[in-house]
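Colleague: Have a look; sequence and predicted model below, questions after that.
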Amino acid sequence: MAKNIQAVRGMNDILPDDEHIWEFFEQTVRQWMVVCGYRNIRMPIVEHTNLFVRSIGEVTDIVEKEMYTFTDRLNGDSLTLRPEGTAPCVRAVLEHNLLYTGPQRLYYSGPMFRHERPQRGRYRQFHQVGVEALGFSGPDIDAELIVICAGLWKKLGISDVCLEISTLGSIEARTVHRSKLIEFLEKHLEILDEDSRRRIYSNPLRILDSKNPEIQQLIGDAPGILDYLDNNSLKHFEKFQKMLLDQGISYKINPRLVRGLDYYNHTVFEWVTDKLGAQGTICAGGRYDELVEHIGGKPTPACGFAMGVERLLALIVKSKKEIPSHVPDVYLIHQGEATDRFVWTTVSYLRDQGIKVILHCGGGSFKVQMRKADASGARFAVIIGDDEVNAGLISVKPLREKAKQVKIELTEVGKLIKNFGARNAFQSS
Ligand code: ATP
Ligand code: MG
């Protein structure tokens, strides 16, 4: 027998039993983004490799070891499955000249790909919702993005998340901080692991984000960017905080917050939870004033964030929020010589009214079909046999409530099902 082919490691199927949670999440996000005035943009899943190398930075986890990169056999192009959405979003905005008409408030969602070691909350194909505001220099829009997140958590029924913020300052402040940081790290070379040693001159800031516990301990004593902020950076950061306080949003300043990507400056933030074990960051973002120019556009300030959908869904499930799943209204049972036409008419008629109908297929006795109707979870069995066809009526049997089966006109069925629950024709007197 042929060996079963399984899904690629770290890439998950999303099964129908979880459909309702995904749908609830996606609908809530969509409605909330519309309410907040952000418009949807959809980019391809594959981009030219250079886009990511140039924007994310060569000396980052993503570019060094996590990208799914391959050569297009037909023309030799180097292509990459997108590991994140900001660079593709900016690429699309520039390619279609969207900034010509003014600043853009955008959001997107979809799968991202990173070749990481799979574990709970960390997958090779995972999903993000990303929000990007391009053409705004902040800090008001920085604060707005936080307010948008906070509002979304509320709509999703998520509590137990904390906001951590920091600033990376201006490019000038970063340069000073960087040299101080390198000086510090040079004194502790023996503690650094191979990755960090390699990055000490190319991307020292990234070492602050190391997951290695020994390095994390060392980092506690490293010079922090907050001590090197220039006036403008400080003002930006203070205004941002004031707006959060005005909105009643509490936060913690975490001076060791850095972003994995190279292109951030000023405001950075993460929403974290202690409810998900090691993978506790559910949303991360910040300001990236340099990126647009870096990808080839005119200098354009910008700010954005991305949330990890799988981690958010895990939190939603933990919150025990009741999310209704799709229950069929009707399981349609039918048998007999002349029922076919009547059955099709009934199915179309009910579905046209938005009634969820499962049509029994594959024949079998009424008894067998009734068992299937029961197992389907449907609220009603609609029964069509020769008797019904002859009388021009339909039998409707409530399956979940104690009530009588009735025989009625097709045009009455929809009304009856929709109004069921109030006192009605079903209830035995
Ligand atoms: P980490 O430090 O956990 O590796 P990151 O800095 O690489 O995170 P970002 O690039 O900022 O993550 O992505 C934004 C969010 O996307 C993360 O906060 C997380 O919720 C989610 N995310 C990132 N990588 C994965 C993954 N491999 N699987 C599931 N979710 C992920
Ligand atoms: Mg990562």
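Modeller: Looks like it came in fine. Numbers count the residues shown, from 1 in each chain. Ligands and ions are numbered 1, 2, ... in the order given.

Colleague: Going by C-alpha atoms from here, please, whenever you check contacts or count neighbours.
Modeller: OK.

Colleague: For Gly277, see how far away the spatially most central residue of the chain is.
Modeller: Nearest to the geometric centre of the chain sits Val309, at 3.3 Å (Cα atoms, centre = their mean). Separation of Val309 from Gly277 (Cα to Cα, to the nearest Å): 16 Å.

Colleague: In the stretch 1-150 of the chain, which residue sits nearest ligand 1?
Modeller: Ligand 1 sits closest to Arg122 of the stretch 1-150 of the chain, with a gap of 3.3 Å, by Cα to the nearest ligand atom.

Colleague: Need the distance between the two termini of stretch 44-51.
Modeller: OK, stretch 44-51 end separation, Cα to Cα: 13 Å.

Colleague: Report the buried residues of that stretch.
Modeller: Within stretch 44-51, the residues that qualify as buried are Ile45, Glu47, His48, Thr49, Leu51, counting by 16 or more other Cα atoms under 10 Å.

Colleague: ok, now stretch 63-70?
Modeller: By neighbour count with 16+ other Cα under 10 Å, stretch 63-70 contains the buried residues Val63, Glu66, Met67, Tyr68, Thr69.

Colleague: Stretch 217-236 now?
Modeller: Judged by neighbour count using 16+ other Cα under 10 Å, the buried positions of stretch 217-236 are Ile219, Ala222, Pro223, Gly224, Ile225, Leu226, Tyr228, Leu229, Ser233, Leu234, His236.

Colleague: tell me which of these is nearest to ligand 1?
Modeller: When the buried residues of stretch 217-236 are compared against ligand 1 (criterion: Cα to the nearest ligand atom), the nearest one is Ile219, at 15.7 Å.

Colleague: Now the closest one, what are its backbone angles?
Modeller: Main-chain torsions, Ile219, degrees, to the nearest 10: phi -60, psi -30.

Colleague: Where does pLDDT dip in the stretch 151-300 of the chain?
Modeller: 260-262 (pLDDT under 70).

Colleague: what kind of secondary structure is the closest residue to ligand 1 within it in?
Modeller: Nearest residue of the stretch 151-300 of the chain to ligand 1, counting by Cα to the nearest ligand atom: Ile282, 3.8 Å away. What DSSP: H, G, I helix; E, B strand; the rest coil gives for Ile282 is strand.

Colleague: Please give the number of neighbouring residues around it.
Modeller: By the criterion of other Cα atoms under 10 Å, Ile282 has 22 neighbours.

Colleague: any idea how far it is from Val292?
Modeller: From Ile282 to Val292 the distance is 25 Å (Cα to Cα).

Colleague: Likewise for Glu270?
Modeller: In this view, Glu270 and Val292 are 22 Å apart by Cα to Cα.

Colleague: between those two, which one's more packed in?
Modeller: Higher neighbour count among Glu270 and Val292: Glu270, with 27 against 23, using other Cα under 10 Å.

Colleague: In a strand, the more buried one, correct?
Modeller: Yes: read with three-state DSSP, Glu270 is one of the residues of a strand.

Colleague: Which strand residues bridge it?
Modeller: Beta-bridge pairing of Glu270 under DSSP bridges involves Glu164, Ala284.

Colleague: Leu163 is in contact with that one, correct?
Modeller: Yes: contact criterion Cα atoms under 8 Å: Glu270 and Leu163 qualify, at 5.9 Å.

Colleague: Where does the prediction get shaky in the stretch 1-150 of the chain?
Modeller: Of all residues in the stretch 1-150 of the chain, none has pLDDT under 70.

Colleague: Please, where are all the strands along it?
Modeller: Along the stretch 1-150 of the chain, the segments classed as strands by DSSP state E, counting those that start in this stretch run 39-40, 46-48, 68-71, 78-81, 104-113, 125-134.

Colleague: list the contacts for Val59?
Modeller: Arg199, Ser202, Asn203 (Cα atoms under 8 Å, 6 or more residues apart in numbering).

Colleague: Just give the number of residues close to the second one.
Modeller: Pointing back at Ser202 there. By other Cα under 10 Å, neighbour count at Ser202 equals 15.

Colleague: for the closest residue to it other than its chain neighbours, phi and psi?
Modeller: Residue nearest to Ser202 in three dimensions, not counting chain neighbours: Val59, with 6.8 Å by Cα to Cα, 6 or more residues apart in numbering. With angles defined as degrees, to the nearest 10, Val59 sits at phi -100, psi 60.

Colleague: Give me the distance between Val59 and Leu416.
Modeller: 65 Å.

Colleague: Equivalent analysis for Leu399, please.
Modeller: Distance from Leu399 to Leu416, counting by Cα to Cα: 14 Å.

Colleague: more crowded one of those two?
Modeller: Leu399 (19 against 15).

Colleague: Which residue ranges make up each domain of this structure?
Modeller: 16-170+230-318, 330-419 (automatic domain parsing).

Colleague: Can you say which of the ones you listed is packed in most?
Modeller: The highest mean neighbour count among these, using mean count of other Cα atoms under 10 Å, belongs to domain 16-170+230-318: a mean of 18.

Colleague: Can you give the distance of it from its chain's centre?
Modeller: The chain centroid and the centroid of domain 16-170+230-318 are separated by 10 Å under Cα atoms, centre = their mean, to the nearest Å.

Colleague: element containing Met307?
Modeller: strand 302-308 (DSSP states H and E).

Colleague: Who does that strand pair with, and is each partner parallel or antiparallel?
Modeller: Checking strand 302-308 against DSSP bridges gives partners strand 125-134 (antiparallel), strand 281-287 (antiparallel).

Colleague: what's the average pLDDT for it?
Modeller: Mean pLDDT, strand 302-308: 97.

Colleague: Contacts only, for the residue of the stretch 301-429 of the chain found nearest ligand 1.
Modeller: Nearest residue of the stretch 301-429 of the chain to ligand 1 (Cα to the nearest ligand atom) works out as Gly308 at 3.4 Å. Residues in contact with Gly308, defined by Cα under 8 Å, 6+ apart, are Phe126, His127, Gln128, Val129, Ile282, Cys283.

Colleague: would Ile249 count as being in a strand?
Modeller: No: assignment of Ile249 by three-state DSSP gives coil, placing it outside any strand.

Colleague: In TSV: the strands paired with strand 302-308, plus distance to Arg73.
Modeller: Listed next are those as TSV, based on distance: least, Cα to Cα, whole Å:
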stretch	distance to Arg73
strand 125-134	23
strand 281-287	35
